[in-house]
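Asks: Structure here, sequence nowhere to be found:
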């Protein structure tokens, strides 16, 4: 045993035994792990967590996971096999089919330290997302046809999501993309590591004007917006898209990659392509 552990072991003698037992029994997973590292009293006879590299729910509803330190993938029909141990996930969670309720997966996870998150066809609250993000820093996030709501069951604003994903570098949406609640909030939101923002299947409900404020304040983020090709946009909505693209062309600024925007009946498509050709040199 090293000196640090010796010192920690002797120093706990000042605490009543009942207090130590309470701490060991009630410590949250990350704290329990830290306590086990510094003091032998808090060690368990058997490690209380099952460590996985990743956990995935496939489109057919089945689950699969890979144990840490092994290349083998295990398939199962239910998460009930994890009844004896909580999960410690080191890489990512990939949900290709709905988890209903979403809280049912949260109850299985003690610690999530992965940086990959893929949500498809999910419905969850912002508080549930906060729980998932409480012990990790997401870097790569895909949100496909997923609804995230607040305490009043209303869709959250985009800035609320970004305030949780503070370290995200890649963020992709499909079909459902929340809007910024105001141009000021879009301007002030902090995304220091975000380099690529993608959104596909957009509709006219997306507030493009507030997103312009975001792009202006964060030019280092490359934005790619693709509107649903099966839906017609109103003339007024298409006009604001066209006007923004023509302004980009007139500004002719290439310190950062220009946004890429596509939508049905787009008259500025050639100008958009030429703009990117000039950026690429």
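Replies: Alright, I've got the coordinates. This structure is a prediction, so every number in the text was calculated from the model and none was measured.
Asks: Next, the buried residues of the lengthiest helix in the chain.
Replies: Looking across the chain with DSSP state H, the single longest helix is helix 235-251. Across helix 235-251, burial judged by 16 or more other Cβ atoms under 10 Å covers 237-238, 241-242, 244-245, 248. No exception for glycine: its C-beta is placed from N, CA and C like everyone else's.
Asks: can you redo those residues as JSON lines with pLDDT and distance to residue 154?
Replies: Output for the buried residues of helix 235-251, formatted as JSON lines (pLDDT from 0 to 100; distance: Cβ to Cβ, whole Å):
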{"residue": "237", "pLDDT": "98", "distance to residue 154": "23"}
{"residue": "238", "pLDDT": "97", "distance to residue 154": "28"}
{"residue": "241", "pLDDT": "97", "distance to residue 154": "26"}
{"residue": "242", "pLDDT": "97", "distance to residue 154": "31"}
{"residue": "244", "pLDDT": "97", "distance to residue 154": "28"}
{"residue": "245", "pLDDT": "96", "distance to residue 154": "32"}
{"residue": "248", "pLDDT": "94", "distance to residue 154": "33"}
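Asks: Same list, those residues, but as JSON lines with distance to residue 99 please.
Replies: Below are those laid out as JSON lines (distance: Cβ to Cβ, whole Å):
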{"residue": "237", "distance to residue 99": "34"}
{"residue": "238", "distance to residue 99": "37"}
{"residue": "241", "distance to residue 99": "35"}
{"residue": "242", "distance to residue 99": "40"}
{"residue": "244", "distance to residue 99": "38"}
{"residue": "245", "distance to residue 99": "39"}
{"residue": "248", "distance to residue 99": "40"}
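Asks: Are we agreed that residue 270 is in a helix?
Replies: Yes: Residue 270: assigned to a helix according to DSSP: H, G, I helix; E, B strand; the rest coil.
Asks: Can you list the buried residues in stretch 121-132?
Replies: Residues of stretch 121-132 classed as buried: 121-126, 128-129, 132 (neighbour count, 16+ other Cβ under 10 Å).
Asks: sorry, back to before: for the longest helix of the chain, name the packing helices and strands.
Replies: Counting contacts by 3 or more Cβ pairs under 8 Å, 6 or more residues apart in numbering; DSSP states H and E, helix 235-251 packs against helix 208-217, strand 260-262, helix 269-280.
Asks: what does the domain assignment say about this protein?
Replies: According to automatic domain parsing, the chain comprises the domains 1-45, 115-280.
Asks: Out of the ones you listed, the one nearest residue 86 is which?
Replies: Smallest distance to residue 86 across the domains of the chain (Cβ to Cβ): 6.8 Å, for domain 1-45.
Asks: Could you list the low-pLDDT ranges of the stretch 1-150 of the chain?
Replies: Scanning the stretch 1-150 of the chain for pLDDT under 70 picks out the ranges 1-16, 18-47.
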